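Enquirer: could you work out the structure for the sequence below:
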Amino acid sequence: MTGPATGDPGARAGGPGVLLCPGMGEGSATWDRLVPSLTAAGYLVRRLDRPDDARVPTLTAELARLDAAATGLDRPLLVAHSAAALPAEAYARRHPGRLAGLVLVDPSLVDPAAAARWRWWSAWTAGTVSAGAPVLAGALDRSGVARRCGPGAWRRAVRRMSVRPPDPAQAAAYGRGTVLVGALVQWLAHPAVAAELVAVRAVTAAPTLPVRVLTALGDVPTPAGRAAWRAGHAALAASFPAGRQEVFRDARHLLHVDRPETVVDAVAAVRRDSGS
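Expert: Take a look at the predicted model:
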């Protein structure tokens, strides 16, 4: 979500831009099954990568990285998965004229009360872990804990969130202490980032850009949980004047991995609705 943007070969020079933003703990490879279809359709694709250090993510820093990644793209469309939906929404609110629209892939939801309650704890703990990141990452590597536990934990998470087998190369990345600590810092900082988005919502109008909220219910374990997740996404879509929700009952959280054509269709629909 916070690393440098990378281009993808095969994208048509000067084509409509698409910027892909991975969720918490993910890297740019999470979009591998989506990119070929987008580039074949003529889109100029860029994707953000996993951070290469354990700096504490803030909404201000995320907006600056999105702005840098969008440089040279003519009103790109942002596609954001999970927690990356927070900075994507904030960017659209701050700079609606710079975008063609948003596709939010099973986005994280923001509970304003919880964000306010946990904001300072979140910022303090994320900052504390970040300050000790070199020591902690080194200890995880030297002890072998990162190598023994990290890839297995990632594989278990992917098996819950996707119907596809975990990619071995992606799993191997979680055998490094720096990656594990970076993911931990992102997780700890999430309530503080959510609180920052609540503040942005309070002082900005919802953009009139076309927005698609893609809801995956297949890995939500209870009927009550599925109802709440669906309703939360419906409210998020309704908060945008041109927002629409699409619900996929059997899809899991890594919707872009399991059903890349679904996300490609949403990109095409938003681009068409934007008139660009």
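Enquirer: can we go C-alpha only for contacts and neighbour counts from here?
Expert: OK.
Enquirer: show the backbone phi and psi for Leu77.
Expert: Dihedral pair for Leu77: phi -100, psi 130, per degrees, to the nearest 10.
Enquirer: do you know how far it is from Pro241?
Expert: Remark: distance between Leu77 and Pro241 (C-alpha to C-alpha, to the nearest Å) = 17 Å.
Enquirer: what does Leu78 give?
Expert: Leu78 is 17 Å from Pro241, by C-alpha to C-alpha.
Enquirer: what of Glu261?
Expert: Relative to Pro241, Glu261 is positioned 26 Å away (C-alpha to C-alpha).
Enquirer: which residue of these two possesses the greater neighbour count?
Expert: Glu261 (16 against 13; other C-alpha atoms under 10 Å).
Enquirer: wait, a helix at that one?
Expert: Yes: under DSSP: H, G, I helix; E, B strand; the rest coil, Glu261 falls within a helix.
Enquirer: start the count at 773 instead of 1 going forward.
Expert: Happy to do that; since the first residue is 773 now, the last one works out to Glu1033.
Enquirer: who are the contact partners of it?
Expert: Leu806, Ser809 (C-alpha atoms under 8 Å, 6 or more residues apart in numbering).
Enquirer: does His962 sit in a helix, a strand or a coil?
Expert: Quick answer, by three-state DSSP: His962 is helix.
Enquirer: how near is it to Val975?
Expert: Counting by C-alpha to C-alpha, the gap from His962 to Val975 is 21 Å.
Enquirer: and those two? which has more neighbours close in?
Expert: Neighbour tally, His962 and Val975, criterion other C-alpha under 10 Å: the higher count belongs to His962, 25 against 10.
Enquirer: can you report how many residues lie near the closest residue to the more buried one other than its chain neighbours?
Expert: Setting aside the residues directly before and after it, His962 is nearest to Ser894 in space (C-alpha to C-alpha, 6 or more residues apart in numbering), at 7.2 Å. Neighbours of Ser894 under the rule other C-alpha under 10 Å: 20.
Enquirer: pLDDT score assigned to Ser894?
Expert: On pLDDT, Ser894 comes in at 96.
Enquirer: quick check: it touching Ala961?
Expert: Yes: using C-alpha atoms under 8 Å, Ser894 is in contact with Ala961, at 5.2 Å.
Enquirer: for the protein, which segments count as helices?
Expert: Assigned by DSSP state H, the chain shows helices spanning 807-812, 831-842, 857-866, 884-903, 905-915, 917-933, 940-945, 949-975, 995-1010, 1027-1030, 1032-1046.
Enquirer: buried set for the longest one?
Expert: In this case it means helix 949-975. 949-970, 972 (16 or more other C-alpha atoms under 10 Å).
Enquirer: tell me which residues are up against stretch 896-916.
Expert: 826-828, 918-919, 948-950, 952-954, 957-958, 960-961.
Enquirer: which of those sits closest to His1025?
Expert: Comparing these against His1025 with C-alpha to C-alpha places Gln958 closest, at 18.2 Å.
Enquirer: who's in contact with that closest one?
Expert: Neighbour list for Gln958: Met796, Gly797, Val828, Pro829, Ala898 [criterion: C-alpha under 8 Å, 6+ apart].
Enquirer: buried among these? Make that a ChimeraX selection.
Expert: To isolate the buried ones among the contacts of Gln958 in ChimeraX, judged by 16+ other C-alpha under 10 Å, type:
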select :796,797,828,829,898
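Enquirer: by pLDDT, give me the weakest of the contacts of Gln958.
Expert: Lowest pLDDT among these: Gly797, with 85.
Enquirer: is it true that that residue touches Ala955?
Expert: Yes: applying C-alpha under 8 Å, one finds Gly797 in contact with Ala955, separated by 4.8 Å.
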